[in-house]
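[1] sequence first, predicted coordinates after that:
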Amino acid sequence: MRHSLPLVVFVTLLSVFDNLAAETKAVERLAPVHRHSILVSDLDRSLTLYRDILGMTLSRVSDTSSDSYSYVFFNIEPGAMKRFAYLNGEGGQRDVLGLAEVPGFSRNDPDGLRAVAWVQTVEDVEGALSEAANLGLQVIPPIEFMSREAGKPGLEGGIIDFDGHLILIYGLTRASIGLPPVNPKP
């Protein structure tokens, strides 16, 4: 009889863990908790930055339904949102960024206070900043730091996207990954 209490505790814990696992499985069927969604005025133009320069992959694009809850939480007129793109991140992270297309959307002051930033690791910070500048985007000059994880020099810099959103990018320096320096276009 002396082992019955630990057995009862063990069975109770198993039941609790089974319930937690069932709840976790139910949550996994929903949209990822770690997805950010931002408004953009031109989805195709925005994809040239997020997909083509920053290296995210396009998961899917869908038309926005007329009864989407997005209208409520973005505080926009029903019907104003046309399409929604889901982008995958590095390492198999699915649907980490949503781009909601609202033609005519514009931020009031992209040079003002930046309340939110998208943060992403890229393979080539200098190259991404150069390509963004070539698209006419505002670039925040990079600073060098020592990467704790890699033990090599890294860079962090910023890009203000077409719609005024701040993107912070991090990565190792070109020299530390064996790439030649970026030669900016005149």
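    Okay, I see it. Bear in mind that the values here come from a model prediction, so they are computed numbers and not experimental data.

[2] do I have it right that Ser68 meets Lys82?
    No - the pair Ser68 / Lys82 is not scored as a contact, 11.0 Å apart, by C-beta atoms under 8 Å. C-beta coordinates here come from the backbone N, C-alpha and C atoms, glycine included.

[3] so which of these two has more stuff around it?
    Ser68 (16 against 12; other C-beta atoms under 10 Å).

[4] and that one, which of the three is it?
    Secondary structure, DSSP: H, G, I helix; E, B strand; the rest coil: Ser68 is coil.

[5] the one 4 residues further on now?
    Assigned by three-state DSSP, the conformation of Val72 is helix.

[6] residues near it, how many?
    Neighbours around Val72, by other C-beta under 10 Å: 9.

[7] CA atoms of the helix or strand hosting Val119 as CSV?
    Here Val119 sits within strand 117-121, counting by DSSP states H and E. The C-alpha trace of strand 117-121 is given here as CSV (Å, rounded to 0.1, in the frame of the first residue of the first chain):
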residue,chain,number,x,y,z
ALA,A,117,9.9,46.5,-36.1
TRP,A,118,10.1,43.3,-38.1
VAL,A,119,13.4,41.6,-37.1
GLN,A,120,14.9,39.0,-39.4
THR,A,121,18.3,37.2,-40.0
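
[8] how close does the residue positioned nearest the centre of the chain sit to Gly157?
    By C-alpha atoms, centre = their mean, the chain has its centre lying nearest to Leu97, at 4.4 Å. Leu97 is 19 Å from Gly157, where distance means C-beta to C-beta, to the nearest Å.

[9] got it, and Glu123?
    Counting by C-beta to C-beta, the gap from Glu123 to Gly157 is 14 Å.

[10] confirm Ser176 sits in a helix?
    Yes - under three-state DSSP, Ser176 falls within a helix.

[11] list the contacts for the closest residue to it other than its chain neighbours?
    Excluding the flanking residues, the one nearest Ser176 by C-beta to C-beta, 6 or more residues apart in numbering is Lys152, at 4.2 Å. Shown in contact with Lys152 (C-beta atoms under 8 Å, 6 or more residues apart in numbering): Met146, Leu172, Thr173, Ser176.

[12] per-residue pLDDT, the first one?
    Met146 is assigned a pLDDT of 88 by the prediction.

[13] ok, now which ones touch it?
    With C-beta under 8 Å, 6+ apart, Met146 has these contacts: Lys152, Pro153, Gly154.

[14] quick one: which of those sit in strands?
    Here DSSP state E is the test, and the contacts of Met146 give Pro153, Gly154 as lying in strands.

[15] which parts of this protein are strands?
    36-40, 57-63, 83-88, 97-101, 117-121, 138-146, 153-160, 166-172.

[16] what's the closest of those strands to Ser46?
    strand 36-40 (4.2 Å; C-beta to C-beta).

[17] the closest one pairs with which strands, parallel or anti?
    strand 97-101 (parallel) (DSSP bridges).
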